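Trainee: have a look; sequence and predicted model below, questions after that.
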There are 2 protein chains.
Amino acid sequence: MTSPVIIRLQQQGSLSQAGAEAFLACRDRNRLVDAGHTLMQQGEPMRSVFCLESGWAIRHRSLANGRRQILNLLLPGDICDLQVAVDTPADHSVTTITPVMLSEFNPGRLADTIASHADFASALLWSAVQEEGILREHIVRIGRRAAKVRLAHLLLELVRRQALGGGHTDGRIEAPLTRELLADCLGLTPVHISRTLSALRKDGLVSLAGRGRLQIDDIAALARLADYDTRYLHLTQPDHALDTALSEAS
Amino acid sequence: MTSPVIIRLQQQGSLSQAGAEAFLACRDRNRLVDAGHTLMQQGEPMRSVFCLESGWAIRHRSLANGRRQILNLLLPGDICDLQVAVDTPADHSVTTITPVMLSEFNPGRLADTIASHADFASALLWSAVQEEGILREHIVRIGRRAAKVRLAHLLLELVRRQALGGGHTDGRIEAPLTRELLADCLGLTPVHISRTLSALRKDGLVSLAGRGRLQIDDIAALARLADYDTRYLHLTQPDHALDTALSEAS
DNA sequence: CGCAGACTTGAAAATACTCAATAAATGTGG
DNA sequence: CCACATTTATTGAGTATTTTCAAGTCTGCG
């Protein structure tokens, strides 16, 4: 019954039972959409506020020359889009990459809840700060890291963020991360992702078990290679099992 | 007397005289700092909310291997940091690159003003959405554009953003944009920036007039080269002189 | 004038891309 | 459950882009 969003927001530390319940009461409805469904289209007005109960999606922007850049991956527990109040057209699209269970929120009720529940408002602010931190880290990753490090770093982020929403903590990533998707995320080509991933595999750091099943075998070694530092996630409870493994990078 | 911040927020469209005055009343003090001064240090707590009255600064993150990535440039009128309410350490630093006149705000009074002036709150939200749009565009620029296009695109953004805060609209950029700074911004090396910039110069698109004086000579041609689309800035008044020049890219 | 920092230029090396062909995995309909 | 079509992944060879290293030049300033 506990939603991934609640699990995620609770990790900020101050969300009360009452705040969580008030938040959940803002839900209009749940909706199951297919993989490949467009939730928001670049150039069109931003409609609703929703979050992912299950499944993965991407924020991405398409260029005139046909190339695509993925700006961020959306995992269960992620919230999309508090910026709805600004009535300019969206500057990017959001598309599901697996079947996704959405919960849609009533913007008016949400605004009321923010105003009346300070603990919820503060958890939501933390969530926004975390999302911006993730965006900034993505810039660093693409701008100043070599392909192998870049990929390793992204995989570690996905594992850690999956845990944030209450998902697997065993290093498994279950999402259809095709080479093309990883390439569009990291500013590389699918061919180079393929080569880089098999280099990581040869080093015994990750393994593949069929489509969309990626397994991180040696998380500490991968974190060392990736120079991975979770600070950008603004975690407030540094006692998570994954974080101890990640900080063995010293 | 009109601050660049007010000029910028007014471009959202709904800020009233009363809202602007209430905002300005939140200022604690103005402070002049040297170039090279650190306003916020990665790893340390985020202290105050401030904005730039004049001068330029950078948000940047340093890596363990000594490399640096600039996340964003801060221009007059830009606001830094509404995330102060989250009490986790900063994930990046902010450093001035010219002498800067800061105005510092009282967080408590600012919160009150947001609560009591809906027009100001909405302008501030717009500002945050714009900043996120700029971050996302930076990801696209670094991830999916070639060096020449990348540089052209950044220069156009700087010219347009300079105008947002009430600065020059003639294509001049007056800031010490060293090759190294542009390189750390765009994920390239200073040497390559040097070569790329001289290619733009040879094409008659930009010219240099000494240290820190960059002049865009043919803004429409540069916008065409850069595939420049201002949508990510979420402008609400598309009648600006610069925007007509920029949209001649079709 | 002379220094220091920033810029330019060339040549060689590294990294990532493109093209193309093959192989593997997934999904579909009989 | 199998055969086929489709998408995705791998691999090799050649190319393009960007980096690195190094030497030399320019510029602003005390």
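Mentor: Received it, and whenever you're ready, just let me know what you need. No experiment lies behind these values; they were computed from the predicted model shown.
Trainee: rounded mean pLDDT for the longest helix anywhere in chain A, please.
Mentor: If you go by DSSP state H, chain A has its longest helix at helix A:118-144. Helix A:118-144 carries an average pLDDT of 96.
Trainee: show me where chain A has strands.
Mentor: A:27-33, A:38-40, A:49-54, A:57-62, A:68-74, A:79-80, A:93-96, A:100-105, A:172-174, A:206-208, A:213-216 (DSSP state E).
Trainee: now the shortest one, how far from the chain's geometric center?
Mentor: Relative to the chain's own centre, strand A:79-80 is displaced by 10 Å; criterion: C-alpha atoms, centre = their mean, to the nearest Å.
Trainee: just to revisit the earlier point, could I get the strands of chain A as a markdown table with mean neighbour count?
Mentor: The C-beta positions use only the backbone N, C-alpha and C, and glycine is treated the same way. A markdown table is the format used below for the strands of chain A (neighbours: other C-beta atoms under 10 Å in any protein chain shown):
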| stretch | mean neighbour count |
| --- | --- |
| strand A:27-33 | 14 |
| strand A:38-40 | 18 |
| strand A:49-54 | 22 |
| strand A:57-62 | 22 |
| strand A:68-74 | 22 |
| strand A:79-80 | 20 |
| strand A:93-96 | 20 |
| strand A:100-105 | 20 |
| strand A:172-174 | 16 |
| strand A:206-208 | 16 |
| strand A:213-216 | 18 |
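Trainee: list the buried ones in the longest helix of chain A?
Mentor: The neighbour-count check on helix A:118-144 (16 or more other C-beta atoms under 10 Å in any protein chain shown) flags A:119-144 as buried.
Trainee: who in chain A is up against DNA strand C?
Mentor: A:146-148, A:150, A:187-189, A:191-192, A:210-212 (C-beta under 7 Å from any atom of the strand).
Trainee: one more time with 10 Å
Mentor: A:35, A:65, A:67, A:145-151, A:176, A:183, A:186-196, A:199, A:208-213 (C-beta under 10 Å from any atom of the strand).
Trainee: just the buried ones among the residues you listed, please.
Mentor: Buried members of the residues of chain A next to DNA strand C, counted by 16+ other C-beta under 10 Å: A:145, A:147-151, A:183, A:186-188, A:193, A:196.
Trainee: I figured residue A:125 was touching residue B:88, is that so?
Mentor: No. Shown here, residue A:125 and residue B:88 do not form a contact pair, counting by C-beta atoms under 8 Å, at 11.4 Å.
Trainee: so the lowest-mean-pLDDT helix or strand in chain A, near chain B or not?
Mentor: Ranking every helix and strand in chain A by mean pLDDT, DSSP states H and E puts helix A:241-246 at the bottom, with a mean of 86. No. Contact of helix A:241-246 with chain B (C-beta under 8 Å from any C-beta of the partner chain) is absent, the minimum separation being 13.6 Å.
Trainee: tell me what that helix is packed against?
Mentor: Where contact means 3 or more C-beta pairs under 8 Å, 6 or more residues apart in numbering or on different chains; DSSP states H and E, helix A:241-246 is packed against helix A:147-164, helix A:219-226.
Trainee: okay, buried residues for it please.
Mentor: Under the neighbour-count criterion of 16+ other C-beta under 10 Å, helix A:241-246 has A:242-243, A:245-246 buried.
Trainee: what's the farthest-apart pair in these?
Mentor: A:243 and A:245 (7.2 Å; C-beta to C-beta).
Trainee: quick one on the thing from earlier: format the helices and strands packed on helix A:241-246 as a markdown table; extra columns: distance to residue A:40 and mean pLDDT.
Mentor: Listed next are those as a markdown table, based on distance: least, C-beta to C-beta, whole Å; pLDDT from 0 to 100:
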| stretch | distance to residue A:40 | mean pLDDT |
| --- | --- | --- |
| helix A:147-164 | 20 | 97 |
| helix A:219-226 | 30 | 96 |
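Trainee: most tightly surrounded among these?
Mentor: helix A:147-164 (a mean of 22; mean count of other C-beta atoms under 10 Å in any protein chain shown).
Trainee: how about residue A:115, what does it touch?
Mentor: residue A:121 (C-beta atoms under 8 Å, 6 or more residues apart in numbering or on different chains).
Trainee: how close does it sit to residue A:196?
Mentor: 48 Å (C-beta to C-beta, to the nearest Å).
Trainee: the closest residue to residue A:165 other than its chain neighbours: neighbour count?
Mentor: Nearest residue to residue A:165 in three dimensions, chain neighbours excluded: residue A:77, at 2.9 Å (C-beta to C-beta, 6 or more residues apart in numbering or on different chains). For residue A:77, the number of neighbouring residues by other C-beta atoms under 10 Å in any protein chain shown comes to 24.
Trainee: how close does residue A:77 get to DNA strand C?
Mentor: Here the distance between residue A:77 and DNA strand C works out to 25 Å (C-beta to the nearest atom of the strand, to the nearest Å).
Trainee: ok, that residue - contacts?
Mentor: Residue A:77 neighbours (C-beta under 8 Å, 6+ apart): A:3-5, A:7-8, A:51-52, A:164-166.
Trainee: can you rerun that using 7 Å?
Mentor: With contact set as C-beta atoms under 7 Å, 6 or more residues apart in numbering or on different chains, residue A:77 has these partners: A:4-5, A:7-8, A:52, A:164-166.
Trainee: so what's the backbone phi/psi at it?
Mentor: phi 100, psi -10 (degrees, to the nearest 10).
Trainee: give the residue spans of chain A that score low on pLDDT.
Mentor: A:1, A:82, A:249-250 (pLDDT under 70).
Trainee: quick check: can you list the domain ranges of it?
Mentor: A:4-117, A:145-249 (automatic domain parsing).
Trainee: quick one: those domains as JSON lines, columns for distance to residue B:59 too.
Mentor: Conversion of the domains of chain A to JSON lines gives the following (distance: least, C-beta to C-beta, whole Å):
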{"stretch": "domain A:4-117", "distance to residue B:59": "18"}
{"stretch": "domain A:145-249", "distance to residue B:59": "13"}
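Trainee: which residues touch the residue lying closest to residue A:237 once chain neighbours are set aside?
Mentor: Spatially, and ignoring its direct neighbours in sequence, residue A:237 is nearest to residue A:11 (6.0 Å; C-beta to C-beta, 6+ apart). Contacts for residue A:11 (C-beta under 7 Å, 6+ apart) come out as A:164, A:236-237.
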